[in-house]
Structures are given as C-alpha cells and as structure tokens.
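**Q** The amino acid sequence is not available; the structure is as follows:
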C-alpha cells in the first residue's frame, strides 16, 4: 500500500519540478587517470580506422605509452595533492572513491600496464615472416588458423595493432574497479576490463587453438561468475535499498537514520545480506583466482599469448584485490564476524591447493598459474587481518608481486623453439649452461616467488603474515608457512632443471630481445631487489595509503 | 657513538660480498685471475677478522661490542644492528680463517673438464669462488647480527649460494660416471635446501610471532636482541608459558636442522658426500656452526624458561646424535660420508654442551665449534686430496697409501687423531670441557656421552687402517704425495690444532665472559662441588678440606 | 732446580718434532739425534736426582708451574709439573732404560728405511711417558696417558704393510681407550666432588667426602689401570702388541708404559686407602691377572708372546701389591723397577736372538743357541734367574716382599692372595725355564742352510749387559736397610704388614715352589726332545694358546655384535629416518597428482565446481550467522 | 499482488540459467543461459526497486542490458571464430588444456 503511494509520488515529483533533479557533478581532474586512459583507447580505435597500416604500430605504441605515462603522472599529481590522505573524498557523485588505496593501486596498475605494453610491442622474438617483423599476436585473428586467409595476412605482414586500444580499455576498467564506490560501478568496471581480456586471450600468433580455447573458457566462466556477482548485487540492493557502499554499510551496521517501512521489510532479512554478500565475494574471488574458483587460471594462463598472460596475472590481481579490500573494509565491516571465518577457509585451501597442485605441473606457464593461485592465498591472509596493517601489507604485496610476475612471464617469452615459446619444463633443462644470464634472472624471480629473503617476495610475505599474526590469525600464518615450504619445492625444481641438468641437444634457443622486453625484465629485476633490500620507502607509501574513504 | 667510528663489522662482511661480485664478473678466459682475486678477498677478510679480535676487549661490561646500529625497515621493527660478543668473535675468526684454505684447496675443483666444449658464457670457476665468498659474507654477518630479523634473513639467504655450490660442483666422475653423479648431486642439493628451508620457514612463523608479541606488549614491535632481553629482565615483556615454548620450538627447529641434530640429520651425509671436499668443509665447519651459534645466542637468550623446559629432551637427542652418528660412521663405506656422520656425532657434543647450562659446557661447546671446524677441515681436505688422486670415495678402493704417500698419510692421521680428540690437540680440550660440564649437572648423560670417545677412536682408526696401511693396492701404486699447494693448506691447520691444544687461553679468555653473560641471562649457576677445597693454586702441597656444612656454619 | 723439570719432557719432545717433521734430509743422522735427546733427558734426570738426594725427605718434592692451561669458570687445569720421589723413580727408569733401548735400536733397526721415523716415535713416547709421571694433576696425567697410547699405537703398527701389525695397533689403542674412558670419568667425578683434580688438593681431601664417591673414583681409576697395564679384563691387546719391533716391546710393553697403571694406583693411594672396596677389586684384578698371564705364558711357542704373558703376570704382582695399600705400594714400585730391568733385558735378548735367526720367533725352531750367541745367552740367563726370583737377584727381593705382603693382608683373603702369588711364582719358574730351555739348550731345530745364528753387534749387546747388571744387583741394592721403602715413604706412606706366617716361612715356600716349577719344566723340555711342531696338547694348553679364549669371546660378542648393530643402524637410517621424510614428499606428490585430476579441461566441470564453491560459500556464511 | 513472487521467479530463472550452463554442450546455448541469468538479475532489480520505491534498481537494469549486449558482441566473436576453426560449437571439444 504505502509502497504504491511512494512510487506514485515519485512520478508526481518527476512531473512536478524537473529543475529539482540535481545536475551531476563530475570532478574531471580527480578522475583524470581513468579518463586519460579511456580517451587514449578511443583515439586508438580512431587510429586503427584511419591511419595506414604501416604507421599504425608506432602510432599505437606511442599513444599507449604516452597515455599510460600521463595517467601515472596524474595519479602522482593527485597523491601529491593530498587526495591520497587528507583530501580523500568521493568523486562523480559518490560513484568513485579517490583515496589512498585507490591511488596506490591505480599507480601500480598503470606502471604494470606500461611495462606490459613493452612486452606487447616486442617484435624481435619471432622470426620475421616474409621480411616483416611480427609480434606475438595473430596476423588476422578472424582467419581460420593455417587457412589461406591467414597465410595471406601473414604474407601481407598484417599485425593486430588493435591490441593496444583493447589493452587500454582493459586498463581503464581496472583503474575504476578498485575505486568503484557503489556496486553498479563495480559491476560495470568488472565488465569493462574483463571483455577486452577475453579478446586479448584469443589473439595468440602461435598455437591459436589453445589460444581460442583459453578465450572461450575464460569468457564463459567469466560471464558465469559475473552473473553470480550481479545477482549478489541485486540481493544486496534488495537488502539495503541502495547500492552505494556507504549506504549499505550504514544499513548493515543498523545505522540507518530513518527507516522507511518499505525498507524495514527487507532490511531485517539477513538472508538477503548474507547470500548477496557471499555471491559478491564469489565474483571477486573468481577474479583473484582463489580456490575453488581458480579452475580457469591454469588453462587461460597457458593458452593466452604470454604478454597477455603476464599482464592479466599482474594487473587483474591488483585490481580485483583492490575491489575485494574495499568491499570487505568499507561495505561489510559490520559483518566481519561472518566473512572472516569464511575467508579463513578460502585462504587456507587456496594457499595449500595452489602449492600442492603446482608440484606436478610440467608446463612453465601452468606452473606460474598455480603459483599465482598460491600467492592469492597469501594475499588473502593479509586481507583477513582486517586492520590498517592488513590493508597496507596487501597493497605492498600486490605491488611487489605484480612486478615479479610480469618479469617472469617476460622471460618465458624469450625461451623459444620451432613451435614458438618452449613452455614445457623438459625443454628448460640446462638453460643455465646455455645462457646463464637469462637463467639467473629467472632464478631471481623464482626465488622471489618462493619468498627467499632479500627479495621483494620475502618482504611482501612477511608483511602480510605479520599483519595476519597481529590480528590473531597465528595458525593461518603457520599454514601459510607450510604451504610456502611446499611451494618452494617446485620453484627449486625449476632451478635444478635449469642449472644442474645437462642441456638437451634439441633444446630451445634463447631469443635476444629488443630494448622493449629487456626494459620490462630489467624493471622486474630492479623492483624485486629494491623492494627486497630497502622496502621501507614503499612500505611507508602503502602505509599512508592504507585508509579507505567512505 | 658506534656510528661515528669505522664500521668494522660491516666491512668484514662487505669485503667478501664485494669480492664475490667482482670474482663473478671476471671474464671466462681469465680463470686464474678469478681464483687469485677470490683468495685475496678472503685474506683481506681474515685481516679484518683479526682486527676485530684485537679491538675486542674481553673484560668489557656491555654484552656486545663494536656495535653498529642503523634504521632499516621501520614497519617491521627491523634495525641493521651489528655487534659481537666473545663467541661471535671466535666464530668470525674461524670462518675468516678457514675460507682461504677452502679456496686454496678447491683451486682446481671448478676447472672445466678436459675436452669440454668452450662456452664463453658459462663460467663455472668464477661462479664457484664467487659463491664461496658470498657464503662467507652471509655467515659473517649472521654471526654479527644482534637483530633477530637481520640474522634470520642471512640465515636463510645463505642457503642459496650453498645450494648452488653443492648441486653445481662435485667430485670428478663418481663411482658410476658423471651422469649418475650429477643426479646424485642435485638430489643432495635439493635435500639440503628443502630441509633447511622448511626449518627456516617454521622459524619465520616464530619470528613473526615474536614480532606480534613485542608489538602487542612494547607498543612497537622490535627484533633487537638486547632490547628484548632487557625488556624481559625488567618485566615489561612477559611471554606466556605456552607462547614462549612455541616460539622457542620454532627457533630451535630451524637451528636443529642446520646443526644438524638427530633425527633431522640425513641431509648432511648426502650433501657432504656429493659436494667437493672444500664445499663439504664449508658446510660442516662454517655454515652449520651458525645453527649451534644461534642456539646459544638466540634460543637461550630470548627464551630462557622454555630452554630449560626443553633441555631434557634436547640433551637426550644430542646424546642419540653422539652415539648414533659415531656408530653410523663406523658402518660407512664412503670416506666423505664417514666424516659427515662423525660430524653429526660432534654436533651432538656441541649441543650437549650448550644445553648442559654450565660454564664448562657452554665454553666447551664454543671451543668445540672452533676446534671441530679446524679439525674437520684438516681431515676433510686431506681426504679430498686423496680422493682427487684416485677418483673414488670408497674406502675399499684404497690401501697402503702410507707406503707411497707418507706425508699425505701422516697429515690424514693427525686430522683423524684430532677428530678422535686426542689430548694435546685442540678438540680434546673442548670435548673434555663439554663432558665435564654435562657431567657436573647430569652425571648419567655425561657418562654415556663418554662412550663417544671410544667409538670415535673406532671409526677413525678403522678408516686409517683400511685406507693407509696394509699392502699397497695396485691403483694406489702411482699415487704422488702432497703437492706444495696442498701442504700450504694442511700444515697451518695442523699447527693451529697443536697450538690451541697446548695453549687455548687466548680463545678461552675471549669466550668466557660471553658464556658468563649467556648463563646469567638464562639465570643458571654452575653446580657447586660437594666438597669445598681451598685449592693451593697448582701446588703439590696438600690443602686441607672442609665439609660443606662447616662452610655454612662459618658463615 | 725445578725449572729443569720441563727440560726432561722438552728434550725428547724436541727430538720427536725434529725427526718427524725433518723429512728425508735427516734420514742418515736420525737415529743419533733420537738417542742424543733421550740421553740428554736421562742426564737431566740424574742431575735432578742428585739434587734430590741432597735434600731432606720432606723437602724433596719439586714443583714447576708453567702456565694456566684450561681456565673455564671454576674449572682450571694447569700445565704444571711435580717431581717427588715417586716421579723421580719413574723418571730414572724411563729415561735410563729408554736411552739404552734407543741405543740398542740403532743396531736393531739398521736395515729399516724408516728408521728415522722409528726414533721419532720413540722420542715421542719418552716425552709422553715423562709427562705422565711428572704431571701434577690428573688431567695433565691424562694427556700423557693418551700420549703413550698414541706412541704405542704408532710403534706397534710400525710395520704397517703387515695387516696383522696394523690390526694389533688398532686393537691396542681401542682397548686402551676403554680404560681411558674410566680415567676421564674419574676426573669428572673428582671435579664435581672436589672442584679440582690436582693431586695435592684431591688426595688431601679424601677424608672430606663419602666413601661411595671415593669407591667410584677408585674403580674408575682401576679400569684405566687395567687398560694401560693389560690387566684382566682388558689384557687382550698386549699379546698382539708383540707385532711391533722388539725394542718397542722391551721399552713400552715391558719396562715402562704398561706399568703406568701401577703408577696411577700408587699415586692415588690416598683415594684407595679410603675406599677398601676399591682396594679389594684391585687385589682381585692383580691376583687373577698374575695367574692368567702366567698360564698363557706357559703355552706360547712365540718367544715374544711368552714374554708378554710373563709381563702381564708380573704386572699382576705389582697391581696386587698396590692394592694392598701402604703395606704394598713401596714393593709394587720396587718390583716395577726391577722388572723394568730384567724384563727389558729379556726382551732385548729375545730381539737379539731373532736378529740372529732371521726374525724367527717360534721357539720350536730354536734350540742350542747358547754356543752361537754367548753374550745374549748370559744376559738372558741372568734376566731369567732374576725373574724367577733366584735368591740374591733383584726379582727375589721384590717378588718375595709382595708375596709376604699378600699374606699380610690377613684373613682368608690373605691366604687366598698369598696362595695365588705363590702359585704364580711356581708357574713363572716353569714357563721361564721352558723358554730358556727351548731357546738355548737342547738340539738345534733350525736348518743351518737357511739361518746362520750369530751374536749381535756391540751397539746391541752393551745395553743388554747393562740391563743384566741392573737385574742382578738392583733388588739387593734397594733392600739394604729398606733404602727403597724409606725413599718412597714420604709419598706413598709405608706400613709394615703383619703376616700370619713369618717372613722366613714365606721365603722358604717361595724357594720350594720355584724348584717345583723349574723341575717340571726340566722334565718336560730338558729331558725330552722338543718337537719342532707343537703337539695338540691338553685342553688347557690349547685354551692357553688362544689366550684362554678371552679373545674369541671379544670377537664373537663385541666385534661381531658391533658389526651387526652398525649394519642395522645404517639400514634404519636410510629406510626409517630418511624414509620418513622422503615418504612425506612422495605422498605430497601423490596428493598433487590426484588433485590435478580435478582440472579436467571441460568448461562445464569447472562451472560445476564453481557452483559448488558458491553453494559452500553461501552455506558457510549462513552458518556463521546461524540463520 | 505481492512483489516477493517476482523475486521467487527471478531466483527460479537464475537457477534455470545456471543449470543450463552446466547441462548444455553447445556454446551458444550455454551463452544464452548466461544471458538468462543476467535477465533474472534484472527482474530482481526491478522488483526490489519497486519494493523500495526508488529508481536505482531500474537504472541498474538498463545498465545490465547494455553490458549483456556488450558481452554478446565479444562472446559471439569468440565463439564464431572457434567454430570456424573446429567446425563445432560444443564446449566439451575445447578441452585441449587440462591437468
């Protein structure tokens, strides 16, 4: 009865005084990072449409690098402007938060993407086809693999320069994701960065069957999970009557000012809240690749073009964990006692599952996929801390981890044989003898993954475990320690393979990369060592960034 | 104040570290240059270590001297705190002393095989010596660290170079050819790494726990040993019994793996068996000492109550190590594995001495660390020279060496006698002190441990008899005696064994105060003799004796 | 004066260092250097002795403190020497006999290309032995104790190319180590009891502690003595030790080292006096050993092994005497000294015989040698008379006193011990006569084509003569109005034993049994022809040839058992301790392999699992709230 | 009429969609089932919007449609290309990568 009236009044108000509807305010300056990237993406499309094929590659490369760099500069500017701490607030009518975590994560994502662009643009590794340098993306993705159309495309020296704008779109979505301050924005951002990734997965130049398969798997499962997430959003909306984080949080902690009777009906119903929250969590856990929502990770990581894999593994995790943090710390702090135990379970099975399954992997990319799962578990341990330390430790871990991952996958692109990248572990035997430098670099990354002291991996692991232990999750730390012991085993196995086993005669060759990939790897190593030896500065950054706005 | 003066401790660790990088950078063709560079760096380190030993004032009040302190990772409560007590000084000196010999002994161990295809990228020789220096640097700094976290980091990081040394370089062509040897090597290396890594990670959990506790009670988490000890003394910091025991176990486990203590020992025979003998020396004489050293410095000082709680079990385990290691040594067919098991037995003695909680026991244990380092080095290196001549590690392949290579045999015998701790050689003093220290608190355990000296005699003499005496084996016939380089390696070690056996005072003077401090932290006193004798100092005349109660009455 | 003490030890030590590190360039002069240092040490000893005689009995003890050796907490061991009458006696014996044997060896080892090393070892032995008797505390004594063990190990195994020699050396060292264990534990016990282990304080404080501890210490010291002095049950090594060159047997395994046990017991007299039970154990060991050794001595055909048995038995006498307390100490030492003379002489004689017989040791291949090597025959003969206790010669005085003291112990114990001692005397007479007859009398049982017996060179015979002189007169000299006893009394304290039977009766009895022993031997070996191959012999004989099966026992129980034990442990270490860890790793792998199967590659199965996960997640969340 | 029924319907549709994803082999059909799930969400949104009497739900529904459309574009592109490669749209055939 009353609900009907309210709806009716709605119409009358609408009809009555249109001028009372407030005009939306958009703080362009504070949204500039996202806007720059998305704008650049659009420009990229235009370039594809109008520039001649020859010049596209360079134009796109230039555009992406410049735009990402500019966006990063903007983030720095905002942070310097105090938006990270004192002036942190909600922009775009509360849809997007501009605060410490958001800026820190956006900065990380932008740097990672910048390096990813380098690996995307690498054109030295594959042997030149018909005199044209080629990158690791299909000449004509639409063409049937091995078909005449494809051969023609190769002959003509086509290259899929669209990857750059697509990448930029994905980055745009990722920038919004951790900053999203209401569930709708969250959902949209999720789709905005997922859809481009689906496409990128399908674009491998070699082993296109695998590539397409990975794309379809990723797509179907991704869509499936996002449907769940959306349903969760619906339920939460039903529970709270709003989708803004602040609003929901208020209702959750029973702090709603005036409860209109319509709300009272649903608000009491915790089932809506709990189920909705659970589904929402599931959607995010899928993106971070936590057990049991990890199934897509190995297949997609293996099938996708390695630069894309590196980008996904690094950037997606950052964005997704950012969103997860914001959700748990801003929206659901009121129900901490509900989600913490659940997350405990998830964290434990994720750490152990990832580590254990990885032991018997035989493909380097799948191995790294499982290791990324295990790492997701470690980060979850930090998330569970539910303390300021927890936030900052997670932020630090994400930064540290993403660079290591990117570097590792960049190295994977170098080891090649006739069939493209030689990802089967048996092929890596004796790599240390054939090209010690590459092997050594990869070993450094592996040691960082394993969390050996003096590498960024150790600092990160220590940070999250410390936070967890301080919040009373001591046993979680023990489990984490055990699983990192298990994990150590397979990292070491790879090192043994590279250094202590005799090189095979038909072993792969190590391609000499151009400056692009070299830069990527170099940055990876530098980050690994700097964050390992002198992490204090970055810990400070993360520490200052450790406050959410609500 | 310490910051103003020349950072001696840092320098001592930095020299080999820089040397490692420099050595690694030497181009492939300049192999010999790399060797000399490494040798020079290790000698420079030795020099600095001696400077430490001389700058160190045994009498001083403060527990740690030559301290350096800088902020490092504030968020983790970690500082770059260095400082040495007598024990550390002794062990740093030992490390710095042994490394040059290790390098010299391994002079040709990493040369590329004859007929190997030249590869301008692959530089095993440079790598070998660089890794040795890297290990030295890390060991030194972990002896110097007075910050638990700082120690932990290098305690762990040390594994990586060791791992490459074990897995990457081995004796030429073992009994079953190069291929087989390579697989065994990598197995040994992985085993070494996993055992120690698991230990280290469990310790990591304890380290984090320690931080959580300090952060919770002191406001800001800290890892500074002194700060924690003082806080505990002043009652600011109180650990619950359960917590303290858990943390203690976490720490002790890692050190027991490293030491190694039965039943966590099985990695050592593999590692020492497969590695080249200089590397084996590095493992048992240098790296493993970090474990026992850490028990003394961290386990006891951080968790006194838990230490004395765990003492009975640990003593029994140590006892088992002593007897078990010796018995298995008797049963070995492989020279290097035999020495490895002998070391396990010796580490049993060291741990026994540490946890006997008497000044003799702990002083003895510290001396034992040093002496065992020297004696094992002597024995193992000579064994290495022997093996390099015949190309086999099996005892059965030798016989009558004494006839063809008397000097080699003689040095081998001296090393062996040191291993069975013959009086007059350094190890005797430490072993006897450990036994006395143990006996005075736990007579039964002391007595059983004494059986170790018989077993030691057994395995050493059996080894010597089977390899050196008897009719000359055909394959041994053409064996040449020690070369100059090899003599230069062995002679000083033997001289040192003799000197420290006759005049250990310099060492004991440095060590005693540190031991006293440790005991005071653990709050333990030496048991009093049942009879009070006012001993006329070193004098034949009878001094009269008084019953205890009379003394009481007199008071 | 006391600063000379260190010189005693230093001289031979320097010699050893020179010879062992000197290398080949010293090969030609090696033996002279060695002998020189030995003699030098003897000279110093004589000087000190003269000085000591000049002082009154109470002020004879000298003391030299070099430096504090091991100072750790309450534990302080000094490197300090103590030279009192007891030590002096030993010093003279060691350096004197030692020098003689050095000289003898110059000839004996002439043809050995490793002679330099041999003399190095001999010097090393002298140094260690002197350290043993000069130490002023038990720990330093322990150093000498093991030092002589090392020297004996090196010298027994001097001919290392012979596996038998190497084995014998190892065996000697190991058995000694068992004894050393006792000594070291005893020292620990002293430390925990008295807080020190210097002779002075410890021996002066025995009154202050309970008898239990003293008994324990006493028994441990006895264990040590058994090891070093080849007393039952640790006697098995001495026979094999004869693998070493004969001078070694003479010096180490007859005159000096093996008597260290007696020194230890005598030195620790105060402790034993306060611990009667320990003393009983000592006399028991002594009595048993003196019979054991004698019996073994009767059956051996190897001349050196026969003498070894006799050594064992004679030391049994000394230990017995030492066990009797103040009534025996002095006689123990006295017998020790006389024994040093005649047994060394006998061994050198045996060596000279072997020298002339191409190193043949089997007495059944000797016979009628008296004409071929007269000097050896005479010296050996005098030694023989001395050892069987022929009236007037050294053996007579010392042994007779011991038998007397044994009776003086009183009660049944006294009778038993006295009886044993007498029986021992009889058997001694028997086997020594046997040796004498088989070697020098009867028909020759060697082939003149192969061996050409000849007298040894002067450098060997002169020491033999000197020793023979000693073995003739020493005893008498000592007994002139109890000179020796009074000399030792300040150290060992002396008490006259009151024997139930008069001294004369004892002497008479000794004479009788002596004649019986000689008579039987004469009937068996003098009258009849000695078969060149040993007859099967009675059960006892065969057992005696095998050291009364005691070796076989060791072999079966200790050696075999030990081998089995180690083999089992090696197996367990691999399968159990190692297996546990590897098993865990393997199971991890298996688990991983099984979990892998979940990754079927089918999208739909992934979806199912996601759905399941979602369901669990929801359910868990709901459960948390209990909705 | 009580709007809660619409919620039940939405849940039902969502379940049907999910079941379809699990059961059907043809990629296109699977994809349609996902669309069905999204539409179920839309229904829920609209219903709640009605119950709460604010427009957020309805607005979200529009967004969802747009997103669904975008998904169709990407999804069909992928599915079609894989169909052209393999001449089958069965998701079970795309199982080269496993374990």
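**A** Structure's in. What do you need? Computed from a prediction, not measured in an experiment: that's the story for all the values here.

**Q** how far away is the residue in chain D that chain B sits nearest to from residue A:286?
**A** Nearest residue of chain D to chain B (Cβ to the nearest Cβ) works out as residue D:99 at 23.6 Å. Any C-beta I mention is one placed from the backbone N, CA and C, and that applies to glycine too. From residue D:99 over to residue A:286 the distance is 21 Å, taken as Cβ to Cβ, to the nearest Å.

**Q** Tell me which of those two has more neighbours.
**A** Using other Cβ atoms under 10 Å in any protein chain shown as the criterion, residue D:99 and residue A:286 rank with residue A:286 on top: 27 against 16.

**Q** gap between that one and chain C?
**A** Going from residue A:286 to chain C by Cβ to the nearest Cβ, to the nearest Å gives 7 Å.

**Q** Spatially nearest residue to residue 338 (excluding sequence neighbours)?
**A** Reading this off chain A. Of all residues not flanking residue A:338 in the chain, residue C:624 sits nearest, at 4.6 Å (Cβ to Cβ, 6 or more residues apart in numbering or on different chains).

**Q** try again with chain C
**A** residue C:394 (3.6 Å).

**Q** tell me the contacts of the residue of chain D closest to chain B?
**A** By Cβ atoms under 8 Å, 6 or more residues apart in numbering or on different chains, residue D:99 lies in contact with C:596-597, C:599, C:601.

**Q** Contacts only, for residue B:477.
**A** Shown in contact with residue B:477 (Cβ under 8 Å, 6+ apart): residue B:404.

**Q** One more pass at 10 Å, please.
**A** By Cβ atoms under 10 Å, 6 or more residues apart in numbering or on different chains, the contact set of residue B:477 is B:400, B:403-404.

**Q** ok, whatever residue of chain D ends up closest to chain C to residue B:44 distance?
**A** Here chain D gets closest to chain C at one residue, residue D:98, 2.8 Å apart by Cβ to the nearest Cβ. Distance from residue D:98 to residue B:44, counting by Cβ to Cβ: 57 Å.

**Q** Who has more neighbours out of those two?
**A** The neighbour count for residue D:98 versus residue B:44, taken as other Cβ under 10 Å, is higher for residue B:44 (18 against 15).

**Q** Which residue is the nearest non-sequential neighbour of the more buried one?
**A** Excluding the flanking residues, the one nearest residue B:44 by Cβ to Cβ, 6+ apart is residue B:15, at 5.1 Å.

**Q** Was I right to think the one you found contacts residue B:140?
**A** Yes: counting by Cβ atoms under 10 Å, residue B:140 is a contact partner of residue B:15 at 9.1 Å.

**Q** so where is the chain shaky, pLDDT-wise?
**A** Reading this off chain A. Across chain A, the ranges flagged by pLDDT under 70 are A:1-21, A:255-268.

**Q** please go with chain D instead
**A** Confidence mapping of chain D against pLDDT under 70 gives the ranges D:1.

**Q** Let me see the ranges of the helices in it.
**A** Here chain D has its helices, by DSSP state H, at D:4-23, D:27-52, D:56-86.

**Q** could you give the angle of the second one to helix D:56-86?
**A** Right, helix D:27-52. Per axes from the mean of the first three to the mean of the last three Cα atoms, to 10 degrees, the angle that helix D:27-52 makes with helix D:56-86 is 180 degrees.

**Q** And for the shortest one?
**A** Comparing the axes of helix D:4-23 and helix D:56-86 via the same axes, to 10 degrees yields an angle of 20 degrees.

**Q** what residues does the stretch 451-600 of chain C put near chain D?
**A** Applying Cβ under 10 Å from any Cβ of the partner chain, we find that the stretch 451-600 of chain C lies next to chain D at C:593, C:596-600.

**Q** Quick one: buried ones out of those?
**A** Neighbour counting by 16 or more other Cβ atoms under 10 Å in any protein chain shown classes C:596, C:599-600 among these as buried.
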